[in-house]
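Novice: Sequence first, then the predicted structure, then my questions.
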Amino acid sequence: MRWILPMLLLAQWSWATGNHNNYLTQKDTIIVRVTADEHKVFNHVVEAKQTLYSMARFYGLDVYQIYDYNPWLRTRVLAIHDTVIVPLDERLLVASPEVNPQEYVPVYYAVRSSDNLFRISKIYFNLDVDHIKGLNHLNSNVLSIGQLLLVGYISIQGAASVHPVNKPILVNQSIENQETAPTIATSQPLTIDESSGMPVIKPSIKEEVNKLKESFTEPQISYVHDEQRGIALWNKDIRQKTDLYAMHRNAPIGSTVEISNPMINKTVYAKIIANMPEEVYPDNVCIIVSPAVANLLGAVDAKFFVKVKYLAPQIKK
């Protein structure tokens, strides 16, 4: 799950083993780096049964924040051994292990050529210079490029260690209601225009979800909604420009559907790009979704149970 630190200055990395409940173990070491726009991030290597939704919840983030740093997640579902860039929620960082040191993992910062001890301590981590020097047993302010400085610790319980028990973060909330997570500004993902070869700004995944939600709740036509429960499939071989899309047996092409995963109370919206071909899928399969939709719904397997609301084929008041 996390970069391991076998030797202080050698880039010889591996990762620890976890499950869907444990995203950090005592074997792990987090190494933070700073992006070009001065945001602190680290890598998480995915293990079995981990999902984008549960990863975001563990680290105290909005799932959209992880999407913004990992635009490749738009085209496929999270897989074992994928490396995901995670923005650091500094509320999780403590100066020293509390109560039981065995329940905390160290957090290091990799020194860059433009860094000095004051900048790292005060600007990046809001710590005293003497505190950083004490943690790392430094006798001077001299640093080396690539040097790993210990800057604190994170509990193996993640966000649950710092958020009140009666107010869990990102638990049992629909995707559009996840507003309690910290705001971490990111650049909008870029795509390349096939005709001009020039980069274009792509709307964030959150903006796309909100736009689809509006088209579902306030359509331009008179309508009635129908509801269906069954199995959702995601197809890794489908490639479309529209990230949040689906195929359904009855919903009109071009309309928006509401898809919910009742197991974790997650809801997302998708555009219908085609109807499912007849006699190809079992009757219990009610919808085929894109990888982006599957990720947002916390899908672990290629098949998962969903509830679907869609425009009835006979549009009426």
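Specialist: Ah, there it is. Numbers count the residues shown, from 1 in each chain.
Novice: What mean pLDDT does the helix or strand harbouring Lys307 get?
Specialist: Element membership for Lys307 (DSSP states H and E) is strand 303-311. Taken as a whole, strand 303-311 carries a mean pLDDT of 91.
Novice: So for that strand, what gets flagged as buried?
Specialist: Across strand 303-311, burial judged by 16 or more other C-beta atoms under 10 Å covers 304, 306-311. Using the backbone N, CA and C atoms, a C-beta is placed for each residue, glycine as well.
Novice: count of residues packed around Ala36?
Specialist: Per other C-beta atoms under 10 Å, the neighbour tally for Ala36 reads 6.
Novice: where does it land in three-state SS?
Specialist: coil (DSSP: H, G, I helix; E, B strand; the rest coil).
Novice: same question, Asp28
Specialist: coil.
Novice: want to throw the buried residues of strand 303-311 into TSV with distance to Pro277?
Specialist: Listed next are these as TSV, based on distance: C-beta to C-beta, whole Å:
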residue	distance to Pro277
Phe304	21
Val306	19
Lys307	23
Val308	18
Lys309	22
Tyr310	17
Leu311	20
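Novice: quick check, nearest of those residues to Pro71?
Specialist: Phe304 (23.4 Å; C-beta to C-beta).
Novice: now that closest one, which residues is it bridged with?
Specialist: As for beta bridges, Phe304 partners with Ala232 under DSSP bridges.
Novice: Verify the contact between it and Asn261 for me.
Specialist: Yes. Applying C-beta atoms under 8 Å, one finds Phe304 in contact with Asn261, separated by 6.7 Å.
Novice: For those two, list the residues in contact with both.
Specialist: Leu297 (C-beta atoms under 8 Å, 6 or more residues apart in numbering).
Novice: Can you list the helices and strands that the host helix or strand of Lys271 packs against?
Specialist: Here Lys271 sits within strand 266-275, counting by DSSP H and E. Secondary-structure packing of strand 266-275 (3 or more C-beta pairs under 8 Å, 6 or more residues apart in numbering; DSSP states H and E): helix 205-217, strand 245-248, strand 256-261, helix 291-296.
Novice: now the strands: where do they sit in the stretch 1-150 of the chain?
Specialist: Here the stretch 1-150 of the chain has its strands, by DSSP state E, counting those that start in this stretch, at 30-34, 40-45, 83-87, 104-110, 148-155.
Novice: partners of the first one in the sheet?
Specialist: Put plainly, it is strand 30-34. Counting by DSSP bridges, strand 30-34 is paired with strand 40-45 (antiparallel), strand 104-110 (parallel).
Novice: List the residues that contact the residue nearest in space to the middle of the chain.
Specialist: In the chain, the residue lying closest to the centroid (C-alpha atoms, centre = their mean) is Ile66, at 3.3 Å. Applying C-beta under 8 Å, 6+ apart, we find Ile66 in contact with 52, 55-56, 73, 84-87.
Novice: could you redo the last one with a cut-off of 7 Å?
Specialist: 52, 55-56, 84, 86 (C-beta atoms under 7 Å, 6 or more residues apart in numbering).
Novice: Same list, the helices and strands packed on strand 266-275, but as TSV with mean neighbour count, mean pLDDT and distance to Val34 please.
Specialist: What follows is the helices and strands packed on strand 266-275, written out as TSV (neighbours: other C-beta atoms under 10 Å; pLDDT from 0 to 100; distance: least, C-beta to C-beta, whole Å):
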stretch	mean neighbour count	mean pLDDT	distance to Val34
helix 205-217	17	78	24
strand 245-248	23	90	35
strand 256-261	22	92	35
helix 291-296	26	87	26
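Novice: would you list the ones you listed in CSV and tack on distance to Ile156?
Specialist: What follows is the helices and strands packed on strand 266-275, written out as CSV (distance: least, C-beta to C-beta, whole Å):
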stretch, distance to Ile156
helix 205-217, 29
strand 245-248, 37
strand 256-261, 26
helix 291-296, 24
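Novice: Of those, which is nearest Ala48?
Specialist: Comparing those by C-beta to C-beta, helix 291-296 comes nearest, at 16.3 Å.
Novice: That concludes my questions; thank you for your assistance.
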